[in-house]
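Enquirer: Build me a model from this:
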Amino acid sequence: MITKTTFKAGAVQFDVKTGDVRDNLSVALSHLEHLADQGACLGVCPEFFLTGFDNENITRLMPAVKEGIQRLTEFARKRSMAVAGSLPEQEDGQIFNTLYLIDPDGEIRIRYRKLHLFPLTGEHLYYARGDEMVTADTSLGRVGTMICYDLRFPELARRLFLDGAHLFVVSAQWPLARVAHWQALIRARAIENQAWFICCNRTGTDPDGLVFPGSSMIVDPNGSVLAQGDDKPGIIMADIDMDLVDLVRQTIPVGQDRRGDIYG
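Expert: As a prediction, this is how the structure comes out:
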């Protein structure tokens, strides 16, 4: 596998229609095509971007989700662009909130099942928790993955850092009421772990009246925000230089200086 060191990456934010897989897939592919036309090698989509949190009907939607994943793999292969985003995954009668990363060869390199389910919306009542952290070597380097509420747990990000992640992909449905937390946590995780963060959040309003601000972000290993969305559907994009990770980590060697003997 040839790993790129410089490339364009982007995020696709839109109003996810609850339960409408066909419409969501059409919107996502349209925005991903726009990213590909701009030369992007990675496009990140929001959390549950094909289904929304249609909790009562999620099992019924699984055949359409599987078809959607097939369409996304075909797109990735056709446009030579990695695609990532969170979708429901069914196994042994359980549904997981799973972040997929599809490489440009159409292969699924990452399946990460969300570790931290958000209690305020009852996510834990409908979905099963994952039980492992995931980093993987991809065409874009070593990638770590997180989903929404995971951002509040620095232990997870640090473990992914220790496992060699240079780029983090984050999908979310993070509400407007706590958008300041979203923005602060992304920058904090990027600074702490001296890594690139490509983070995608949805826009619009869900059936329960929750408003989502977009505000998708691309943040470099110094914590600088290179691109940030507003509250409207659309794309953001930035130039990624993976060599910057090594430069920042050499300048301030937190990986070398951390006291694992004291705090693990």
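Enquirer: use CA for all of it now, contacts and neighbours both
Expert: Will do.
Enquirer: where exactly do the helices run in the stretch 151-264 of the chain?
Expert: Listed in chain order, the helices of the stretch 151-264 of the chain (DSSP state H, counting those that start in this stretch) span 154-162, 179-193, 243-251, 254-257, 260-263.
Enquirer: For the third one, C-alpha coordinates in CSV please.
Expert: Pointing back at helix 243-251 there. Extracted in CSV, the C-alpha atoms of helix 243-251 (Å, rounded to 0.1, in the frame of the first residue of the first chain):
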residue,chain,number,x,y,z
ASP,A,243,5.1,15.2,8.0
LEU,A,244,3.9,18.0,10.3
VAL,A,245,3.0,15.3,12.9
ASP,A,246,6.6,14.1,13.2
LEU,A,247,7.9,17.7,13.3
VAL,A,248,5.5,18.8,16.1
ARG,A,249,6.3,15.6,18.1
GLN,A,250,10.0,16.1,17.8
THR,A,251,9.7,19.8,18.8
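Enquirer: quick one: the helix or strand of the chain with the lowest mean pLDDT to chain centroid distance?
Expert: Lowest by mean pLDDT, DSSP states H and E among the helices and strands of the chain is helix 260-263, with a mean of 94. In terms of Cα atoms, centre = their mean, to the nearest Å, the centre of helix 260-263 is found 30 Å from the chain centre.
Enquirer: same thing with stretch 200-219?
Expert: Centroid separation between stretch 200-219 and its chain, computed with Cα atoms, centre = their mean, is 13 Å.
Enquirer: quick one on the thing from earlier: got the helices of the stretch 151-264 of the chain as CSV, with distance to P119 and mean neighbour count columns?
Expert: Formatted as CSV, the helices of the stretch 151-264 of the chain follow (distance: least, Cα to Cα, whole Å; neighbours: other Cα atoms under 10 Å):
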stretch, distance to P119, mean neighbour count
helix 154-162, 18, 17
helix 179-193, 17, 19
helix 243-251, 34, 15
helix 254-257, 33, 12
helix 260-263, 28, 7
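Enquirer: want to throw these into a markdown table with distance to V134?
Expert: Shown next, in a markdown table, are the helices of the stretch 151-264 of the chain (distance: least, Cα to Cα, whole Å):
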| stretch | distance to V134 |
| --- | --- |
| helix 154-162 | 7 |
| helix 179-193 | 16 |
| helix 243-251 | 19 |
| helix 254-257 | 19 |
| helix 260-263 | 21 |
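Enquirer: Compare these and give me the one nearest G10.
Expert: Of all the helices of the stretch 151-264 of the chain, helix 179-193 sits nearest to G10, with 15.5 Å by Cα to Cα.
Enquirer: Quick check: which helices or strands does the closest one pack against?
Expert: For helix 179-193, the packing partners by 3 or more Cα pairs under 8 Å, 6 or more residues apart in numbering; DSSP states H and E come out as helix 154-162, strand 196-201, strand 217-219.
Enquirer: With just CA atoms, put the second one into CSV.
Expert: In this case it means strand 196-201. Presented in CSV, the C-alpha positions along strand 196-201 are these (Å, rounded to 0.1, in the frame of the first residue of the first chain):
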residue,chain,number,x,y,z
TRP,A,196,-4.5,15.8,12.6
PHE,A,197,-8.2,15.8,13.3
ILE,A,198,-10.8,15.6,10.6
CYS,A,199,-14.2,16.0,12.3
CYS,A,200,-17.6,16.0,10.8
ASN,A,201,-20.8,17.0,12.4
